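K.L.:
okay, predicted coordinates and the sequence, questions at the end:
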Amino acid sequence: MDKAGNMLHQTNPVPHQASTDTSRKNTLVLSFTLLVVMLGYGMIQPILPFLITKLGASGSGLGVLASVYALMQLVCAPVWGNLSDRVGRKPVLLIGVLGYAIAMFIFGLSTRFWMLFLARTFSGVLSSAAMPTAMAYLSDSLPEKERSGAMGKLGAAVGLGVVLGPLLGGFLSSTSLSLPFFVGSVLALAALGLIQAFLPESHPAGAASTSARQENFWQWAALQRILLGPAGVLMLLILIISFAMTNFQGIVGLYAMQRFDFDTRQVGAIWMVVGAVMILGQGVLSGQLAKRYGELRIIRVSMLLGALGFFLLLLAQGFIPFLAATAFFLLAVALIGPALNAYLSTFGGEHQGSLMGLNTAFASLGRVFGPLWAGFSFDVNIFYPFISGGVTMLIGFSISLLYRPQASPS
């Protein structure tokens, strides 16, 4: 049995490893692409409540728009990842970014709720191609020891987009509610140009072995083998960390308002800490720590510290202690993502796209249920989201301790 349970085949090392400069250029282009996608996601958040009110929709309409985006990513990310294994990374990335640009443009033109729903659905379908394909690209073109650092830079770009998106959206929307969407569309077209001009194909069509090309990834038996193998355990950890993170994100502002009576500036400061710590952890520290201690050790320690962070959030009293507890929690969480993605990539073989598509799907599943659980449990008791988040992280820590891959990643 191989690392992915007889389903994934080990690929020979890339015969012509990119030079350091080329690798940095490719990582920069991919990071910019994900930054643009997440900028668009972030810009939409402060605008949607005003936009749906203007169009005569209600709070339930806002919930529908939020849910359909995550649901489309859950369904479509594995499909895009599998397609990139068959036709190459670059075409899938180009299709995804172009479709995303079109979706943002439709958002800007929307004058009816159904148009918003269509744009949000279309955006979820197409933008879900970006993350798994970008991670599969890095897995193709980088040696294993460099993947954590590169994955961290992608994560930092995502974090930067999440932070800057609402700020940019709020600023641009003071002129027009449609303007942020048009700006997002133009930025997506700029990313499209960079991909076309500067990003070489890392996995050309036909590069996989004959058996890999003929294998139907979506046969239940094949899917079952990967999910029940060592890579499947990592998928479970990805689901856990995504659930825990969105459990925090979905309720932290409301928690701070109701427990401490924080004003909008203080809640805004929490989100600034979120972005800054995610950028520091994923963009600067994750790669260095993974090289020194190994991904699996980083995953285990960070899971434990993340659980501790949830309980520190419960104990914090006042603005500064709460910011400090937030930073502690987020730093632990920030280190887990790149380590998990890099470690998972060692089980991919010729199916990096399919594996990273499943990765994104499991993360999306956490993003669907995390906020829902946080809101429900908060209504019962304002402490329950953090308690349940801490317990979830402890479960993840226990799973990581018991995890023993059948073969050490090489």
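P.N.:
Noted; the coordinates are in hand.
K.L.:
for the stretch 201-350 of the chain, just list every one of the helices.
P.N.:
Assigned by DSSP state H, counting those that start in this stretch, the helices in the stretch 201-350 of the chain fall at 210-214, 220-227, 230-260, 264-280, 286-293, 295-315, 319-345.
K.L.:
can you redo those helices as a markdown table with distance to Pro143 and mean pLDDT?
P.N.:
All C-beta spots, glycine's among them, are computed from the backbone N, C-alpha and C. Formatted as a markdown table, these follow (distance: least, CB to CB, whole Å; pLDDT from 0 to 100):
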| stretch | distance to Pro143 | mean pLDDT |
| --- | --- | --- |
| helix 210-214 | 21 | 46 |
| helix 220-227 | 23 | 60 |
| helix 230-260 | 19 | 82 |
| helix 264-280 | 24 | 74 |
| helix 286-293 | 11 | 81 |
| helix 295-315 | 14 | 91 |
| helix 319-345 | 11 | 87 |
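K.L.:
Ser67: which of those is closest?
P.N.:
Nearest to Ser67 among the helices of the stretch 201-350 of the chain is helix 230-260 (12.3 Å), distances taken as CB to CB.
K.L.:
check the offset of the closest one from the chain's centre.
P.N.:
Put simply, helix 230-260 sits 12 Å off its chain's centre (CA atoms, centre = their mean, to the nearest Å).
K.L.:
now swap in stretch 130-141 and tell me
P.N.:
13 Å.
K.L.:
quick check: which of the helices of the stretch 201-350 of the chain is buried the most?
P.N.:
Mean neighbour count (mean count of other CB atoms under 10 Å) peaks for helix 319-345 among these, with a mean of 23.
K.L.:
so which elements touch that helix?
P.N.:
The criterion is 3 or more CB pairs under 8 Å, 6 or more residues apart in numbering; DSSP states H and E, and the helices and strands that helix 319-345 contacts are helix 130-141, helix 144-173, helix 230-260, helix 264-280, helix 286-293, helix 295-315, helix 352-380.
K.L.:
quick one: buried residues of the last one?
P.N.:
Within helix 352-380, the residues that qualify as buried by neighbour count (16 or more other CB atoms under 10 Å) are 352-374, 377-378.
K.L.:
need the helices and strands packed on helix 319-345 in JSON lines (columns: distance to Pro180).
P.N.:
JSON lines is the format used below for the helices and strands packed on helix 319-345 (distance: least, CB to CB, whole Å):
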{"stretch": "helix 130-141", "distance to Pro180": "19"}
{"stretch": "helix 144-173", "distance to Pro180": "4"}
{"stretch": "helix 230-260", "distance to Pro180": "21"}
{"stretch": "helix 264-280", "distance to Pro180": "17"}
{"stretch": "helix 286-293", "distance to Pro180": "30"}
{"stretch": "helix 295-315", "distance to Pro180": "31"}
{"stretch": "helix 352-380", "distance to Pro180": "22"}
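K.L.:
tell me which of the helices of the stretch 201-350 of the chain lies nearest to Ala130.
P.N.:
Among the helices of the stretch 201-350 of the chain, helix 319-345 comes nearest to Ala130, with 14.1 Å by CB to CB.
K.L.:
gap between the closest one and the chain center?
P.N.:
So, by CA atoms, centre = their mean, the centroid of helix 319-345 is 13 Å from its chain's centroid.
K.L.:
how much does it deviate in direction from helix 144-173?
P.N.:
Angle between the axes of helix 319-345 and helix 144-173 is 130 degrees (criterion: axes from the mean of the first three to the mean of the last three CA atoms, to 10 degrees).
K.L.:
so where is the stretch 101-250 of the chain shaky, pLDDT-wise?
P.N.:
Where the stretch 101-250 of the chain drops to pLDDT under 70, the residues are 203-227, 250.
K.L.:
mind running it again at 50?
P.N.:
For the stretch 101-250 of the chain, the stretches with pLDDT under 50 are 209-219.
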